Structure formats: C-alpha cells, structure tokens
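Asks: here are the coordinates; sequence isn't available:
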C-alpha cells in the first residue's frame, strides 16, 4: 500500500541536543509538509516543499530546518530543542494543488518528541 | 481571512447514539472541505471530503454536506461505535499549499 512513513515513532532528546526526524513516502507526491501538533490541538504548519522549493511559514522559529534530498524523503532538523518543542511532529504529502485533485493530505503516523 | 470553527468538545455519547459535530467556515472563493480523524497516538486520516456546494461526502457511516448558504459542513453519523472515539478535525482548502484546520473535537463513545 502506498503510504507515508515516519521514523522513529518516539524520539527522546536532551535539551539543546540536535535531533532529526525523518519521513518517506511511496505516493510520489510533489508536496511534502511538516506540522507540529501539541495535545490534539490543530496541527500547525511549519513548512512545506513543492518539489525542491522550500517554503517556510512566517512564524516558524529558525531552530527548525528541513531537507528534501529527493521526492521520497524529507527530514525535519531541530537544531537546539527546547522544552517547548516537545510535541507530535506530523509529515504529510499531497499532489500539486493545480493538478485538478481535491487536494487532500496524506499523513504519516507522527513522531512524538520528548525533550528532557 | 479563511477560518474554520468547530464545536468544542469533548463530546461524550453512548454506543449507537446519533452524532453531530458542527463546523462552519469563512473563506473567499470556493473552498474544498474535509473532515479528518485522528485516533489516539496516530496521524490524521482523511475521513471524507466535498469539493463544491451541495456535495455530500460519506465514508464509514459518516456524512457531511457542503452548505454554501450557511457556510457549514457538519459531520453526522447515525449510530456511533466505541471504535469511533477519536479527535475530528474540520478543514478547508482554497488554493496554494495551506489547509486551514479547525481546533478539533474530541469524541468519547461509551459502551
């Protein structure tokens, strides 16, 4: 089955220690997103890639970076995690919104990040 | 700006009860509307969608009708099960690459 995979499902890091979360997809979608979600609140968009074009949300802290080496993979790097960065991080994909699709997003299972 | 407002939870129902979760939206143009469901410890899954006025989305016994005149997309199910316990998010998309999510409504279904 085509899907969005996130690894690891649970990640523990220390305050200030860099951490990388990974996402891969077999859907061959152009667009990949990273969201932060706290306590079942609405997911908050951090950034997205349209192919290789990176688009940062205006209120995403500089501490969060992303890389997309190819269509299938996307990484979220948190350079110096603080206690407030503990959250669920969700990766999602979609087709190009101009493609005539209804633009639903396909989410991975998420990585729950704990900062100690 | 575009926004989604959905009823606050939690909503607690007994098994086989009727479910309604209200969702209204504000948007320019003609948005596509979605309901996503998030089970405990999981990511969001698309539950149903509607792309134009008067469309009815349906899946797994859930239904929602795109009402342009009332700017609403209420989620309904005739008979809920314990396995429907989850958080439900109403969402809209008007173009570009940003989906606007509501705050989510947590549903508890008791046996």
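Replies: Arrived safely, thanks for sending. These figures come from a predicted structure and were not determined experimentally.
Asks: Write out the residues of chain B neighbouring chain A.
Replies: With C-beta under 8 Å from any C-beta of the partner chain as the criterion, chain B meets chain A at residues B:32, B:34, B:36, B:38, B:41-46, B:49, B:51, B:87, B:89, B:93, B:95-99, B:101-104, B:106. For the C-beta atoms, the positions are set from N, CA and C on the backbone; glycine is no exception.
Asks: Show me which residues of chain A sit near chain B.
Replies: Counting by C-beta under 8 Å from any C-beta, chain A sits next to chain B at A:4, A:6, A:31, A:33, A:40-43, A:45, A:48, A:50, A:55, A:90, A:92, A:94, A:97, A:102-110, A:112.
Asks: Restricted to strands, list those residues.
Replies: The strands, defined by DSSP state E, take in A:4, A:6, A:31, A:33, A:45, A:48, A:50, A:55, A:90, A:92, A:94, A:106-107, A:112 from those.
Asks: Please indicate which of those are buried?
Replies: When those are checked for burial by 16 or more other C-beta atoms under 10 Å in any protein chain shown, the buried set is A:4, A:6, A:31, A:33, A:45, A:48, A:90, A:92, A:94, A:106, A:107, A:112.
Asks: Quick check: the farthest pair among those?
Replies: A:31 and A:112 (23.8 Å; C-beta to C-beta).
Asks: returning to what we had before: which one of the buried ones among the ones in strands among the residues of chain A next to chain B is nearest chain B?
Replies: Set against chain B, the nearest of those by C-beta to the nearest C-beta is residue A:107 (3.7 Å).
Asks: Find the nearest non-adjacent residue to the closest one, please.
Replies: residue B:43 (3.7 Å; C-beta to C-beta, 6 or more residues apart in numbering or on different chains).
Asks: In this structure that neighbour contacts residue A:109, no?
Replies: Yes. Residue B:43 is within contact range of residue A:109, at 4.8 Å (criterion: C-beta atoms under 8 Å).
Asks: Overlap in contacts, those two.
Replies: residue A:6 (C-beta atoms under 8 Å, 6 or more residues apart in numbering or on different chains).
Asks: Settle it for me: which of these two has more neighbours?
Replies: residue B:43 (24 against 20; other C-beta atoms under 10 Å in any protein chain shown).
Asks: residues in contact with that one?
Replies: A:4, A:6, A:90, A:92, A:107, A:108, A:109, A:110.
Asks: Among these, which pair sits farthest apart?
Replies: The widest separation within those (C-beta to C-beta) is 11.2 Å, between A:92 and A:109.
Asks: What is the neighbour count of the closest residue to residue A:8 other than its chain neighbours?
Replies: Among residues not flanking residue A:8 along the chain, residue A:111 sits closest, at 6.2 Å (C-beta to C-beta, 6+ apart). Residue A:111 has 22 neighbouring residues, counting by other C-beta under 10 Å.
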